[in-house]
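Chemist: build me a model:
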Amino acid sequence: MLRSLTFLIIRLMGIKKIFSKNPIDYKKLRKSDQKLPPNNFFKKFIVEEAQINETIIHKVKNKEIKTSGLVIFIHGGAFISGPAEHHWKATQKIVQQTAKELWLIDYPKAPETTIHQICKNIDAVYKQALQNFKSQEITLIGDSVGGNLIMTLIQRLLKNKGELPNKLILITPVFDASMSNSEIENIAAKDPMLNIQGILSAKEMCANGLDLKDQIISPLYGSFRNFPKTELYIGAYDIMYPDAKLGVEKMRKEEVDVKLIDGTKMPHIYPLLPVLPEAKKALQEIIESIKE
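Modeler: From the prediction side, this is the model:
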């Protein structure tokens, strides 16, 4: 009953309608962006703002806990929007319950920026993090295209023999920007949030003519061998689900220590949704994992 009500609310918000159009109305989608921390953050946390290239970083620390280690949170939004309210709420819970500093990064978006420029920004942020923290003290967490950007970052680090973070937490990540998996059609009607047309439009805006199966935007076509320990949350009512299953299968074949948390009848980015019991449980599991 609660899940049905949540799905209804998501549909009434009009998100799926936005993602049903090609070209996608990215300006309309951005109306729900929340670029600055909520006012209560400044009472509860130490919040600092920094800029690296075109990326704004909000560094959040708990005033009452001595911090040790770093969480880099790369938000989703189809490469064209974000961060949103749910990213700040997740940030609040993570910082409250862990002894970690958290960087919520607001990277440049498409269509004004291409995937190559976005990735250069992600690389620069991670390079800066290594100047402040040891690699084994860093956890990367990302939802949707945030998870995509994490995976492609790791692929570049492995190629260039860079230092790897301790752990990856991927929340319904995008493995394949081409949306060419025939099984996606079977999920589309069940997904209360996303549709193929809008997702594909957003990826094309970001790719700017690049083949959507290029591994810089579709990590499924790159290697996962030697990836750090990875935890992946995916909902079965999410059009990203079929590609995520393929991605996890490939990770296991390439001997990645990967844990799959399969959300029965759950929608896109379900651990970040505020009401569902399954979401609360999943986010708490994420927080406990970060504490390790």
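
Chemist: next SSE after the one helix or strand in the chain whose mean pLDDT sits lowest?
Modeler: With mean pLDDT, DSSP states H and E as the measure, the helix or strand of the chain carrying the lowest mean pLDDT is helix 2-12 (a mean of 75). Following helix 2-12 in sequence order, the next helix or strand is helix 15-18 (DSSP states H and E).

Chemist: what distance separates that following helix from the centre of its chain?
Modeler: How far helix 15-18 lies from its chain's middle: 19 Å, per Cα atoms, centre = their mean, to the nearest Å.

Chemist: export only the CA atoms of that helix, formatted as CSV.
Modeler: As requested, the backbone C-alpha atoms of helix 15-18 are provided in CSV (Å, rounded to 0.1, in the frame of the first residue of the first chain):
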residue,chain,number,x,y,z
ILE,A,15,9.1,13.3,-13.3
LYS,A,16,8.2,10.5,-15.7
LYS,A,17,6.4,13.0,-17.9
ILE,A,18,9.6,15.0,-18.2
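
Chemist: list the buried residues of that helix.
Modeler: Counting neighbours by 16 or more other Cβ atoms under 10 Å, one finds that the buried residues in helix 15-18 are Ile15, Lys16, Ile18. C-betas here are computed from N, CA, C, even on glycine.

Chemist: circling back to that earlier point, so how far is the least confident helix or strand of the chain from its chain's centroid?
Modeler: Here the centre of helix 2-12 is set off from its chain's centre by 22 Å, with Cα atoms, centre = their mean.

Chemist: packing partners for it?
Modeler: Under the contact criterion of 3 or more Cβ pairs under 8 Å, 6 or more residues apart in numbering; DSSP states H and E, the helices and strands touching helix 2-12 comprise an empty set.

Chemist: so which residues make contact with that helix?
Modeler: By Cβ atoms under 8 Å, 6 or more residues apart in numbering, the residues outside helix 2-12 that reach it are Lys16, Pro192, Met193, Lys265, Pro267, Leu273, Val275, Leu276, Pro277, Glu278.

Chemist: just the element for the second one, please.
Modeler: Assigning secondary structure by DSSP H and E places Pro192 outside every helix and strand.

Chemist: residue closest to the middle of the chain?
Modeler: Using Cα atoms, centre = their mean, the residue of the chain that lies closest to the mean C-alpha position is Asp143, 2.0 Å off.

Chemist: related to what we said a few turns ago, how about JSON lines for the buried residues of helix 15-18, with distance to Gly69 and pLDDT added?
Modeler: Supplementary listing: these in JSON lines, determined by distance: Cβ to Cβ, whole Å; pLDDT from 0 to 100:
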{"residue": "Ile15", "distance to Gly69": "34", "pLDDT": "91"}
{"residue": "Lys16", "distance to Gly69": "37", "pLDDT": "94"}
{"residue": "Ile18", "distance to Gly69": "37", "pLDDT": "96"}
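
Chemist: tell me the one of those residues nearest Ile171?
Modeler: Ranked by distance to Ile171 (Cβ to Cβ), the buried residues of helix 15-18 are led by Ile15 at 16.5 Å.

Chemist: alpha carbons of the least confident helix or strand of the chain, as PDB, please.
Modeler: Taking only C-alpha atoms (Å, rounded to 0.1, in the frame of the first residue of the first chain), the coordinates of helix 2-12 have been written out as PDB:
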ATOM      1  CA  LEU A   2       2.800   2.400   1.000                       C
ATOM      2  CA  ARG A   3       4.800   1.600  -2.100                       C
ATOM      3  CA  SER A   4       1.700   2.200  -4.300                       C
ATOM      4  CA  LEU A   5       1.100   5.500  -2.700                       C
ATOM      5  CA  THR A   6       4.800   6.500  -3.100                       C
ATOM      6  CA  PHE A   7       4.700   5.500  -6.800                       C
ATOM      7  CA  LEU A   8       1.500   7.600  -7.300                       C
ATOM      8  CA  ILE A   9       3.200  10.600  -5.600                       C
ATOM      9  CA  ILE A  10       6.200  10.200  -7.900                       C
ATOM     10  CA  ARG A  11       4.000  10.100 -11.000                       C
ATOM     11  CA  LEU A  12       2.000  13.100  -9.800                       C
END
